[in-house]
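Engineer: Build the 3D model from these lines:
(one chain, ligands or ions: 2)
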Amino acid sequence: MTGPVIVQGRPGPSVQEVLATDKNPAPDVMRMESPAAGLGLEDIGIERYVSQAWHDREVEKVWRRTWQIACRVEELPDVGDHIIYEVASESLIVVRAAPDQIKAYVNACLHRGTILRKDGGCVKQFRCPFHGFSWSLQGKLTDLPAAWDFPQINRAEFNLSEAKTGVWGGFVFINLDPDCEPLESYLEILPRHFESFALEDRYKAVHVAKIMPCNWKLSMEAFIEAYHVPMAHTQTLPYYGDSNTQYDVWPGVRHVNRMISVQGIASPALDDITPEMIIKNMRRDVPFFDGDPIVVGPGETARAKLAERAREKMSRSSGRDLSQLSDTESLDLIQYSLFPNAVPWGGQSLPVCYRFRPYGNNPEMSIMEIMFLFAKAADGSHPPPAKIRWLSVDEPWATAPELGSAARISDQDTDNLKRIQRGLRATKKPGVTLAAYQESRIRHFHRTLDEYMAR
Ligand code: FES
Ligand SMILES: [Fe+2]
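Structural biologist: Ligands and ions are numbered 1, 2, ... in the order given. Next comes the predicted model:
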């Protein structure tokens, strides 16, 4: 294949060259390519992965100042439905306060500080379990036991403090900063890119959260580059484009970046892979492609046949006609980041979203979550959204059968992450060194992180 060489030295074919020959053409956002420029090549200091002081500043500068995914809209169908979103020391109640209104309140009693709600659920008001102070879903004080004893409390003003909320793509976002930029501008190019992938038409079918033995940034970094795939996930090379993955960092865009890995073609590192081997290996790891044999005829490619099979299966399971869906949306890993901690995937066949956050205030532990967002039925109906399955630091992802083949991959990464956190304690080198292109999303993330930390 020939085509413009945008990134010198990257092995081919490029993602764009593959997409150009696909049977069902890709949406326009998939035909864009924007390799990072001007981000520099310096090492990234290790302090940010190990230091308590860095973590404490990060709580102040990042976790209290950025838009974060709190939950899905479908988790709050009725008035009074709420979830608890916690990050570091922060705890919020995110509640449907009225049929068309979602609010977020600081989850602490205004009397002596008790956490108001330990878990989500559905309530008519928030009543503190200690002495019974109560607040309405609008955050107004409704009950003050022995009111005579609190002459200093002005009942009309003793309201729960609020965080900002916003909704995009079926996600409920929160922001603790009263002066934050609007969610609409914070999301930058994301809504435009997700027009073809409409996450609001999906519901949360799987949600697994695991305590990770490393800083939250290390967890996230391991999942936003494909450079580690040949070493860490060797099994995928016959059907996964690792070293020709495309990484996009757009000029002037702070919060969003992207990678695209084509599937159904072999890694550029492998020679002599036949279409039959591609299909056999992919079917071994991804049960989604099971069923009748997939036969590649003369002039056909494994990629085209796998995309066809994916469309058939998705059409059947969703009750929609997806025969015109592009090959790339049917097969490929299309993964965006939203600063600081969300990683929503595009396309249709891999409806994943990751979320990463610190585990309490321990800089060497984190919470990583994997959600699967399946298509709603054509009439918008869907099964109840999945409850979170929590895995301890010692329980492998494979404990959660609902993750399918994602569990093995994530366990391979988790083993490495434990070693990375340990190694960053032992190393005498002051920073980590990043690849200019294949780790450009990580560098872009740190550039934006540095900007927030410097505010
Ligand atoms: S601490 Fe909540 S009512 Fe006393
Ligand atoms: Fe990985």
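Engineer: From here on, just use CA atoms for contacts and neighbour counts.
Structural biologist: Noted.
Engineer: Name the nearest residue to P385, ignoring sequence neighbours.
Structural biologist: Leaving aside its sequence neighbours, P385 sits nearest to K204 (Cα to Cα, 6 or more residues apart in numbering; 5.0 Å).
Engineer: next one: P344
Structural biologist: P344 sits nearest to C353 (Cα to Cα, 6+ apart), 4.2 Å away.
Engineer: who's in contact with the one you found?
Structural biologist: By Cα atoms under 8 Å, 6 or more residues apart in numbering, the contact list for C353 reads 342-345, 370-373.
Engineer: with those in mind, which one is nearest to ligand 1?
Structural biologist: The nearest member of the contacts of C353 to ligand 1, counting by Cα to the nearest ligand atom, is A342 at 33.2 Å.
Engineer: how many other residues sit next to that closest one?
Structural biologist: 20 (other Cα atoms under 10 Å).
Engineer: Output the below-cut-off pLDDT ranges for the protein.
Structural biologist: 1-6 (pLDDT under 70).
Engineer: go with 90
Structural biologist: The model of the chain has pLDDT under 90 over residues 1-9, 12, 271-272, 286-288, 290-291, 317-320, 377-378, 405.
Engineer: Which positions in it make contact with ligand 1?
Structural biologist: 109, 111-114, 128, 130-133 (Cα under 6 Å from any ligand atom).
Engineer: sorry, back to before: partners of the residue nearest to P344 in the sheet?
Structural biologist: P344, M371 (DSSP bridges).
Engineer: domain ranges for this structure?
Structural biologist: Residue ranges for the domains of the chain, per automatic domain parsing: 15-45+201-453, 68-183.
Engineer: End to end on the shortest one, go ahead and measure it.
Structural biologist: End-to-end distance of domain 68-183 (Cα to Cα, to the nearest Å): 10 Å.
Engineer: now swap in the first one and tell me
Structural biologist: With Cα to Cα as the measure, the ends of domain 15-45+201-453 fall 35 Å from one another.
Engineer: Quick check on the residue of the chain positioned farthest from its centre: phi, psi?
Structural biologist: Most distant from the centre of the chain: W148, at 49.5 Å, with distances by Cα atoms, centre = their mean. Main-chain torsions, W148, degrees, to the nearest 10: phi -60, psi -20.
Engineer: For the stretch 251-400 of the chain, which residue gets nearest to ligand 1?
Structural biologist: G360 (21.9 Å).
Engineer: That residue contacts V59, correct?
Structural biologist: No - contact criterion Cα atoms under 8 Å: G360 and V59 do not qualify, at 10.4 Å.
Engineer: Quick check on the residue of the stretch 251-400 of the chain closest to ligand 1: phi, psi?
Structural biologist: Main-chain torsions, G360, degrees, to the nearest 10: phi 60, psi -140.
Engineer: how about the nearest residue to it, chain neighbours excluded?
Structural biologist: Per Cα to Cα, 6+ apart, closest to G360 is A88, 4.2 Å.
Engineer: What count of nearby residues applies to that neighbour?
Structural biologist: Neighbour count of A88, defined by other Cα under 10 Å: 19.
Engineer: residues in contact with it?
Structural biologist: Neighbour list for A88: 59, 63, 357-361 [criterion: Cα under 8 Å, 6+ apart].
Engineer: 10 Å instead, please
Structural biologist: If you count contacts by Cα atoms under 10 Å, 6 or more residues apart in numbering, A88 has them with 55-56, 58-59, 63-64, 357-363, 366.
Engineer: Can I get the residues you listed in TSV including neighbour count and secondary structure?
Structural biologist: TSV is the format used below for those (neighbours: other Cα atoms under 10 Å; DSSP: H, G, I helix; E, B strand; the rest coil):
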residue	neighbour count	secondary structure
H55	23	helix
D56	17	helix
E58	18	helix
V59	18	helix
W63	24	helix
R64	20	coil
R357	25	strand
P358	26	strand
Y359	22	strand
G360	14	coil
N361	16	coil
N362	17	strand
P363	23	strand
S366	27	strand
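Engineer: Next one: Q52 from ligand 1, what distance?
Structural biologist: Between Q52 and ligand 1 the computed distance is 29 Å (Cα to the nearest ligand atom, to the nearest Å).
Engineer: backbone phi and psi for that residue, please?
Structural biologist: phi -70, psi -40.
Engineer: leaving aside the residues next to it on the chain, what's closest to S14?
Structural biologist: N244 (5.7 Å).
Engineer: So the one you found sits against P230, correct?
Structural biologist: No - between N244 and P230 there is no contact under Cα atoms under 10 Å: 11.8 Å.
Engineer: Which neighbours do those two have in common?
Structural biologist: Joint contacts of N244 and P230 (Cα under 10 Å, 6+ apart) are 267, 269.
Engineer: Who has more neighbours out of these two?
Structural biologist: Using other Cα under 10 Å, the more surrounded residue of N244 and P230 is N244, with 23 against 16.
Engineer: what about that one, which helix or strand?
Structural biologist: For N244, there is no host helix or strand (DSSP states H and E).
Engineer: Could you tell me which other helices and strands the longest helix anywhere in the chain packs against?
Structural biologist: Using DSSP state H, we find that the single longest helix of the chain is helix 405-426. Packing partners of helix 405-426 (3 or more Cα pairs under 10 Å, 6 or more residues apart in numbering; DSSP states H and E): helix 47-50, strand 202-212, helix 216-222, helix 229-232, helix 275-285, strand 362-375.
Engineer: after that helix, next one along is what?
Structural biologist: Going down the chain from helix 405-426, the next helix or strand is strand 431-432, by DSSP H and E.
Engineer: So in that sheet, which strands flank that next one, and in what orientation?
Structural biologist: strand 44-45 (antiparallel).
Engineer: picking up where we left off before, separation between the residue of the stretch 251-400 of the chain closest to ligand 1 and Q52?
Structural biologist: G360 is 12 Å from Q52, by Cα to Cα.
Engineer: what about the residue nearest to M259 when sequence neighbours are not counted, helix or strand, and which?
Structural biologist: Spatial nearest neighbour of M259, chain neighbours left out: Y247 (4.4 Å); criterion: Cα to Cα, 6+ apart. For Y247, the enclosing helix or strand under DSSP H and E is strand 246-248.
Engineer: Return the list of helices and strands in contact with whichever helix or strand comes after that strand.
Structural biologist: Downstream of strand 246-248, the first helix or strand assigned by DSSP H and E is strand 256-261. Judged by 3+ Cα pairs under 10 Å, 6+ apart, strand 256-261 is in contact with helix 15-20, strand 246-248, helix 327-331, strand 333-338, strand 342-344, helix 440-453.
Engineer: just the CA coordinates of strand 256-261, formatted as CSV?
Structural biologist: The C-alpha coordinates for strand 256-261 follow below in CSV (Å, rounded to 0.1, in the frame of the first residue of the first chain):
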residue,chain,number,x,y,z
VAL,A,256,-9.4,15.2,24.3
ASN,A,257,-7.1,12.9,22.3
ARG,A,258,-7.6,9.6,20.5
MET,A,259,-6.1,6.4,19.2
ILE,A,260,-7.3,4.0,16.5
SER,A,261,-6.1,0.4,16.2
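Engineer: Thank you kindly, that will do.
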